[in-house]
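Student: need a structure here:
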Amino acid sequence: MALESCIAFLLADELDAEEYALFGPKAPVITRRIRDDDDNDDDGGEGDRDDGDKNYFSATVPSLSVLDFQKYFQLTQTQVEELVRLLSPCEWATSKLEGWTVTHAVLASLWTLSTLEPHVSVAARFHTNEAIICHQLNEFCSLVMTNFVDKIRWPKWKEAEVSVSGFSSSIGLPGTLCVVGSCVIPIERPTDVTDPEAYQDSENAYSVNLMTFCDHKGCFTFVTAEHPGSWHNSKVFLETEVGRSLQDDPLNLLHGKHIIGDATFPLSEHLLTPFPDYGTLGEKKLRYNLKVGSALKIVHGSLYSLRSRFQRLRCLQMNTITQTSLAVKTCCTLYNMYLETNNVDVECLEEHSIVQEPFHELPNGHSGSLGGISKRQDIAASLGRKPKKDSPKTYGRQWYDV
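Tutor: Purely as a prediction, here's the structure:
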């Protein structure tokens with residue numbers, strides 16, 4: 001197979017020093033043995049430490065099983081081939097390097113995003129230099145976001161109906177279109193913003209807030225990763241396209257449905273949050289909160305799975321918000337592609353949401369809009385109630401009729 005042949009060739013030869021000049025100062029060519037750090041099969045023989053085993057990775061990868069291939073590169077072999085096919089017509093700077101093809105670029109970039117291996121080690125593993133790995137990763141992310149923009153899309157029409165039906169049947173919350181959550185992505189001090197210290201937290205670490213919206217399957221429907229990690233979720237939300245659309249034209253965005261979020265978001269008839277629990281909630285409100293918690297596990301599970309599969313997000317070695325946002329969105333795009341062939345059991349995944357004060361306890365916070373308060377109470381009151389035949393409960397534009 002062409003892909004297997006390319007993988008085998010990928011590590012067979014080092015690039016000439018003259019070709020490194022395309023990417024600035026030449027990095028040292030690392031000729032040490034390249035081994036698979038994730039391989040636990042070590043018989044302790046001297047042959048494993050012999051210099052003749054430098055091509056261990058190139059000899060092993062082509063023989064990977066279907067499951068192992070996806071473990072290392074996150075996507076199936078067919079999906080990787082599709083990536084290569086669609087990205088081949090694009091202009092790649094690395095295409096000027098003799099023997100370095102689009103397949104090499106895609107595989108090396110997927111490996112870089114999937115591991116926390118230092119760039120210099122990735123370069124050694126792929127028999128190239130660190131400058132090429134870094135430059136190529138930025139190029140890969142840019143091309144993926146340009147050519148696969150439809151992989152992250154807001155649910156409309158049939159997709160919206162499927163998501164609402166999915167939340168209703170699996171969680172028991174009618175009228176829910178999406179669920180929103182967030183996590184912090186560590187970054188280096190940004191150099192492309194006017195106030196880089198705004199991205200610094202109380203521990204002097206820099207980060208961005210990754211805010212995502214998910215459908216009932218945990219598929220990302222909207223992603224933003226450009227605002228400071230120190231910002232409160234409610235502030236980030238208002239700065240997103242979704243937040244602005246809910247203020248300007250909520251009907252066009254939601255068609256009478258709503259989003260589910262945690263207590264850090266402002267309650268409205270378009271974004272429902274849990275009831276504040278001070279130990280006096282009744283049975284129906286507690287049941288409602290449990291269902292909201294189940295919905296939130298979907299987005300928290302997706303964020304956990306995203307960072308587990310694309311571990312580079314735990315230590316992005318990028319110093320601009322533009323590059324950071326591009327890399328994060330690329331990982332989310334690839335994750336959605338991963339979900340096309342895999343199911344993630346979000347119930348078994350640990351939550352990684354940002355620990356923040358509830359919105360209603362902020363100095364500028366409030367308990368919610370009248371429409372949101374009324375809608376939340378109506379849903380809580382309806383839980384456990386048997387629906388009447390041919391008479392769905394309505395609220396405004398029949399957000400109950402799913």
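Student: Can you pull out the low-pLDDT segments for the stretch 251-400 of the chain?
Tutor: Counting by pLDDT under 70, the stretch 251-400 of the chain shows low-confidence ranges at 344-354, 384-400.
Student: So which residue is smack in the middle of the chain?
Tutor: Cys332 (3.2 Å; C-alpha atoms, centre = their mean).
Student: who's in contact with stretch 190-197?
Tutor: By C-beta atoms under 8 Å, 6 or more residues apart in numbering, the residues outside stretch 190-197 that reach it are 189, 199, 206, 319-322, 324. Bear in mind the C-beta positions are built from the backbone N, C-alpha and C, glycine included.
Student: Could you list the buried residues of it?
Tutor: 190, 196 (16 or more other C-beta atoms under 10 Å).
Student: Same check on stretch 222-242?
Tutor: Buried, per 16+ other C-beta under 10 Å, within stretch 222-242: 222-237, 240, 242.
Student: what about the residue nearest to the centre of the chain, distance to Glu283?
Tutor: Distance, Cys332 to Glu283, by C-beta to C-beta, to the nearest Å: 38 Å.
Student: that older thread, show me which of the contacts of stretch 190-197 are buried.
Tutor: 199, 206, 321, 324.
Student: and the residues you listed as a markdown table, adding secondary structure?
Tutor: Shown next, in a markdown table, are these (DSSP: H, G, I helix; E, B strand; the rest coil):
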| residue | secondary structure |
| --- | --- |
| Tyr199 | helix |
| Tyr206 | strand |
| Ile321 | helix |
| Thr324 | helix |
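Student: could I get those residues as CSV with distance to Ala93?
Tutor: Shown next, in CSV, are the buried ones among the contacts of stretch 190-197 (distance: C-beta to C-beta, whole Å):
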residue, distance to Ala93
Tyr199, 29
Tyr206, 28
Ile321, 22
Thr324, 20
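Student: now, which of those sits nearest Thr128?
Tutor: Within those, proximity to Thr128 (C-beta to C-beta) peaks at Thr324, which comes in at 23.3 Å.
Student: Correct me if wrong: the closest one contacts His227.
Tutor: No - using C-beta atoms under 8 Å, Thr324 is not in contact with His227, being 11.1 Å away.
Student: Looking at the strand or helix carrying Gln136 now, give me its mean pLDDT.
Tutor: Per DSSP states H and E: Gln136 is located in helix 130-147. On average, the pLDDT along helix 130-147 is 90.
Student: and that helix, C-alpha only, in CSV?
Tutor: Output of helix 130-147 as CSV, limited to C-alpha atoms (Å, rounded to 0.1, in the frame of the first residue of the first chain):
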residue,chain,number,x,y,z
GLU,A,130,13.3,20.4,14.6
ALA,A,131,12.8,23.6,12.5
ILE,A,132,11.0,21.5,9.9
ILE,A,133,8.8,19.8,12.4
CYS,A,134,7.7,23.2,14.0
HIS,A,135,7.2,24.9,10.6
GLN,A,136,5.3,22.0,9.2
LEU,A,137,3.0,21.7,12.2
ASN,A,138,1.8,25.3,11.7
GLU,A,139,1.4,24.7,8.0
PHE,A,140,-0.6,21.5,8.6
CYS,A,141,-2.9,23.2,11.1
SER,A,142,-3.6,26.0,8.7
LEU,A,143,-4.4,23.7,5.8
VAL,A,144,-6.6,21.4,7.9
MET,A,145,-8.7,24.4,9.1
THR,A,146,-9.0,25.7,5.6
ASN,A,147,-9.9,22.4,3.9
